[in-house]
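Novice: Whatever this is, show me its structure:
(chains A and B)
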Amino acid sequence: MSPRTGLQPVKRTRSAFAREQHRWGYIFIAPAIIGLIVLTAYPIIFSFIVGLSEWDIITPMNFVGLRNYIQMFTKDELIGKSLIVTVKYTLMSVPLSNAVALIMALLLNTSVKGRSVFRTVFYIPSILPVVASAALWMYLYNPMYGALNEFLKMLGMQKLGWIYDKDMVLPCMAVMSAWASGNTAVIYLAGLQGIPRHLYEAVEIDGGGAFAKTRVITLPMLSPVILYNLIIGVIGSMQTFTQGYIMTDGGPQNASLFYVLLLYRRAFKNMEMGYASAMAWLLFVIIAALTLINFGFSRYWVYSEGDN
Amino acid sequence: MVVPFDDYYSKLNTLIAAGETPDVFEISEYLAVEWGKKGVSMELSQPYEDRGVNLEDTYIAACLYGDEGNVYGITAGVTAILLFYNKDLFDAYDVPYPSSDPENPITWEEYVQTAQKLTRDSNGLCPLDEGFDTWDVTSYGTLTTTWTFSLTAFLYSANSGFFTSDGMGLDLGSDGAQKVLTEMSKLSTEYLCAPDSIISSSLPGNVQMFKDGMLAMAVEGSFMIGSYVTEGANFGIAPLPVFDTPATATWSAAYAISADTELADASLSLLEIIVGDTGSQYPSKIEDYEGENYDAWASALGLSESDQEWMKGYLNSSAAKVHEAVYVKNYSKILDEVISPEMSNLWAGDATPEQVASVTNEKSIGMFEGAYELLAN
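Specialist: Residues are numbered from 1 along each chain as shown, chains lettered A, B, ... in the order given. Model (predicted):
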């Protein structure tokens, strides 16, 4: 009994209706929960277990502890090589794609005639399957018949090897990824359109021009979006596979041997499922670390509402 | 249901992992014996013996994959590395066709000279002419044989191989191998009768190049004969150019039976059909290499009469040696991780044959597991 009011506290009980609602709630989310457990959680746990084993699929799994991980760090020089290739590609493609996408978004954000047509045109490459765009770029980069070398020939310049040259293959693939950065551009565009107009007016009143507007308003206000695109870009680039698989098969001279391509070869060519799973976990740790580093540094350059 | 070849091994492995191994399945040449030893596929000699079929008396040795007297897979005929030549280009430049005598094939030197005569730039000049433009070639005499399966045949011809015959080491440092690698890399750098590694990577397929008059000679597997015939290329085949002794390398994917099959009898019957007269594209039975039987095979394959003649018995001759992919253990891994990257450096001009031998020897330490004892070896 309440000493002050003398009222009896009411014990909260669920009505039959509320219980029914909860039950239906669980039923409705059951497919998602089951999907999460069966298609995501279980494979993750299973791959961790496989990573601690030697398993070629056809014979029973053999627990080997950390041997796969030790081998990766001590014996397998292709691991280091493929990581360097992947990081190099990430360092080229992420800044380039983001710069191209940002410039594209800034242009599309102006009130030019036929803006919606341009938006569609710039977006189309990003909805093309990578396999299709790889075939297209392979033709462009072909040293014998490719349009790029024909153009160089017209200018009287020496033909280039493009993706068949070990020094050019990664820059060529980075350019290809920038070409397909329409998705990123759309995200930038959405960010740009969320910047209040009155902030630009304040700069105009202070006598600032286009450069000042970009420097003190656009880029700071867009910085959370840049951070998002940066993180998504790094995650995507670190998992690059299709370009290396289709266009060059990791060559020439392993110059485009991406980490995931090596992982694929280990798993499906050499049938080293345990080793490949361990490689996948190493990649997970690397990507998680890079993401945390990006978040860590973001406090120095990302403006969030409420910040000074 | 038809499974595209690219997905075939993923499908097969998944079925095996799920305990649903197909009763009869195709298996890559470098896995055929390994899977038998691991208990995935059935030992075949005894079951066939019980049915009154002695495998060694029925099939050519090169078609039987096994170890220590056991057989785990039978191939539907063997394929061999051959020299394909473009009759149109040979005729156009009045160059005689390569020798089709298996005992006396063209020598390497003759091959290079022929290739040089047939390499032309847009001004009609060949590499032996003053002013030949390597960047404006319209037809190449040949291609550098970079595919390790084909290159193995040349190494055999120089009494060498990628691997030592016991599978316990590499043989790339031997005199024969060094000679082959040196000469092969000179095709594009000194003899100028083959495109360099960059151009090569971007060329269309050999059949198309034959049809377009862009290529005079190509080293290919005999399994490509069907494509040349179907595509209407005007071609002939000849034994490979010789370094020291006439040689070619033979292999093929094998067919095996699941060790867990519940339909052993039916599976054995099916396997006989697949590798026998009705299922095989190339001869696998001893009797198929003789007389009218062979003529029927060769004719069905689309070979010209002269090619039918010299090919008779070639795949079952002493020149035809089983490819080391079949019997060297851990072949695929050593090839992919050690040999192929260094060979790429060689073809790109970034390494010498001596360096390739030295680096591959160093990197392959601890990877060798020996060799299987094939009936054919």
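Novice: Longest helix in the chain, please.
Specialist: Assuming you mean chain A. Longest helix in chain A by number of residues, with DSSP state H as the criterion: helix A:77-108.
Novice: actually chain B
Specialist: helix B:175-189.
Novice: Burial check on residue A:89, number of neighbours?
Specialist: 24 (other Cβ atoms under 10 Å in any protein chain shown). (Each C-beta comes from the backbone N, C-alpha and C, glycine too.)
Novice: gap between the lowest-mean-pLDDT helix or strand in chain B and the chain center?
Specialist: Ranked by mean pLDDT, DSSP states H and E, the helix or strand of chain B with the weakest confidence is helix B:291-301, at a mean of 73. The chain centre lies 21 Å from the centre of helix B:291-301; the measure is Cα atoms, centre = their mean, to the nearest Å.
Novice: out of everything not next to it in sequence, what's closest to the residue in chain A that chain B sits nearest to?
Specialist: Residue of chain A nearest chain B, by Cβ to the nearest Cβ: residue A:161 (3.9 Å). Counting by Cβ to Cβ, 6 or more residues apart in numbering or on different chains, the nearest residue to residue A:161 once its immediate chain neighbours are dropped is residue B:198, at 3.9 Å.
Novice: Run through the residues that contact the one you found.
Specialist: The contact partners of residue B:198, taken as Cβ atoms under 8 Å, 6 or more residues apart in numbering or on different chains, are A:143, A:161, A:164-165, A:252.
Novice: Just put these in a markdown table and tack on neighbour count, pLDDT and secondary structure.
Specialist: Below are these laid out as a markdown table (neighbours: other Cβ atoms under 10 Å in any protein chain shown; pLDDT from 0 to 100; DSSP: H, G, I helix; E, B strand; the rest coil):
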| residue | neighbour count | pLDDT | secondary structure |
| --- | --- | --- | --- |
| A:143 | 23 | 85 | coil |
| A:161 | 22 | 87 | coil |
| A:164 | 27 | 89 | helix |
| A:165 | 20 | 89 | coil |
| A:252 | 24 | 85 | coil |
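Novice: could you point out where the chain is predicted with low confidence?
Specialist: No chain specified, so I'll use chain A. The model of chain A has pLDDT under 70 over residues A:1-7, A:9-13, A:305-308.
Novice: hmm, I had chain B in mind actually
Specialist: B:277-281, B:291, B:376-377.
Novice: Around chain A, pick out the residues from it.
Specialist: B:9-10, B:13-14, B:16-17, B:35, B:38-40, B:135, B:197-199, B:201-203, B:332-333, B:336-337, B:341, B:344-345, B:348, B:350, B:363 (Cβ under 8 Å from any Cβ of the partner chain).
Novice: Now residue A:291, what are its backbone angles?
Specialist: Torsion angles at residue A:291 (phi, psi; degrees, to the nearest 10) stand at phi -60, psi -40.
Novice: cool, residue B:44 as well?
Specialist: phi -100, psi -20.
Novice: need the contact list for it.
Specialist: Counting by Cβ under 8 Å, 6+ apart, residue B:44 has contacts B:55, B:66, B:71-74, B:256-257, B:268, B:271.
Novice: Of the residues you listed, which pair is most distant in space?
Specialist: Spanning the widest gap among the contacts of residue B:44 are B:66 and B:268, at 15.6 Å by Cβ to Cβ.
Novice: Comparing the two, which shows the higher neighbour count?
Specialist: Per other Cβ under 10 Å, whichever of residue B:66 and residue B:268 has more neighbours is residue B:66, with 24 against 20.
Novice: CA atoms only: put the helix or strand hosting that one into CSV for me.
Specialist: Element membership of residue B:66, judged by DSSP states H and E, is strand B:64-67. Written as CSV, here are the backbone C-alpha positions of strand B:64-67 (Å, rounded to 0.1, in the frame of the first residue of the first chain):
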residue,chain,number,x,y,z
LEU,B,64,44.3,-45.7,-67.0
TYR,B,65,45.0,-43.5,-64.0
GLY,B,66,46.0,-45.2,-60.8
ASP,B,67,48.8,-46.0,-58.4
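Novice: Neighbouring strands - and their directions - for that strand?
Specialist: strand B:70-75 (antiparallel) (DSSP bridges).
Novice: what's the following helix or strand past the strand it pairs with packed up against?
Specialist: Counting by DSSP H and E, the next helix or strand C-terminal to strand B:70-75 is strand B:79-86. Judged by 3 or more Cβ pairs under 8 Å, 6 or more residues apart in numbering or on different chains; DSSP states H and E, the packing partners of strand B:79-86 are helix B:148-157, helix B:206-211, strand B:217-221, strand B:235-238, strand B:248-251.
Novice: between strand B:79-86 and helix B:148-157, what angle do the directions make?
Specialist: Relative orientation of strand B:79-86 and helix B:148-157, computed by axes from the mean of the first three to the mean of the last three Cα atoms, to 10 degrees: 90 degrees.
Novice: residues of strand B:79-86 that come out buried?
Specialist: B:79-86 (16 or more other Cβ atoms under 10 Å in any protein chain shown).
Novice: Looks to me like residue B:339 is in a strand.
Specialist: No. Counting by DSSP: H, G, I helix; E, B strand; the rest coil, residue B:339 falls outside a strand, being helix.
Novice: isn't it right next to residue B:148, touching?
Specialist: Yes. Assessed by Cβ atoms under 8 Å, residue B:339 is found in contact with residue B:148 at 6.7 Å.
Novice: just to revisit the earlier point, doesn't residue A:168 make contact with the residue of chain A closest to chain B?
Specialist: Yes. Residue A:161 lies in contact with residue A:168 (Cβ under 8 Å); the separation is 6.2 Å.
Novice: Could you count how many residues lie near residue A:184?
Specialist: Residue A:184, neighbours per other Cβ under 10 Å, totals 28.
Novice: still on that earlier bit, three-state assignment of the residue nearest to residue A:161?
Specialist: Secondary structure of residue B:198, per three-state DSSP, is helix.
Novice: can you check the one 5 residues further on too?
Specialist: Three-state call for residue B:203 (three-state DSSP): coil.
Novice: show me what contacts it?
Specialist: A:144, B:143, B:195, B:209, B:214.
Novice: Quick check: residues of the stretch 151-300 of chain A near chain B?
Specialist: Checking the stretch 151-300 of chain A against chain B by Cβ under 8 Å from any Cβ, the hits are A:159, A:161, A:164-166, A:251-254, A:265, A:268-271.
Novice: Would you mind checking those for buried ones?
Specialist: Applying 16+ other Cβ under 10 Å to these, the neighbour count classes A:159, A:161, A:164-166, A:251-254, A:265, A:270-271 as buried.
Novice: quick one: which of those is nearest to residue A:125?
Specialist: Nearest to residue A:125 among those: residue A:164, at 22.7 Å, using Cβ to Cβ.
Novice: out of everything not next to it in sequence, what's closest to residue B:12?
Specialist: residue B:25 (6.0 Å).
Novice: roughly how far apart are the one you found and residue B:257?
Specialist: 8 Å (Cβ to Cβ, to the nearest Å).
Novice: For those two, indicate the residue with more neighbours.
Specialist: Remark: of residue B:25 and residue B:257, residue B:257 carries more neighbours, 27 against 21, as counted by other Cβ under 10 Å.
Novice: mind giving me the domain ranges of chain B?
Specialist: Domain assignment for chain B by automatic domain parsing gives B:5-78+B:252-289, B:81-248.
Novice: I'd like these as JSON lines, with distance to residue A:293 appended.
Specialist: Below are the domains of chain B laid out as JSON lines (distance: least, Cβ to Cβ, whole Å):
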{"stretch": "domain B:5-78+B:252-289", "distance to residue A:293": "36"}
{"stretch": "domain B:81-248", "distance to residue A:293": "37"}
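Novice: Out of these, which gets nearest to residue A:57?
Specialist: Per Cβ to Cβ, nearest to residue A:57 of the domains of chain B: domain B:5-78+B:252-289, 4.6 Å.
Novice: Show the end-to-end separation of the closest one, please.
Specialist: This stretch, domain B:5-78+B:252-289, spans 29 Å end to end (Cα to Cα, to the nearest Å).
Novice: got it, and stretch B:148-168?
Specialist: End to end - Cα to Cα - stretch B:148-168 spans 19 Å.
Novice: Which parts of it count as buried, going by neighbours?
Specialist: Those buried within stretch B:148-168 under the rule 16+ other Cβ under 10 Å are B:148-158, B:160-164, B:167.
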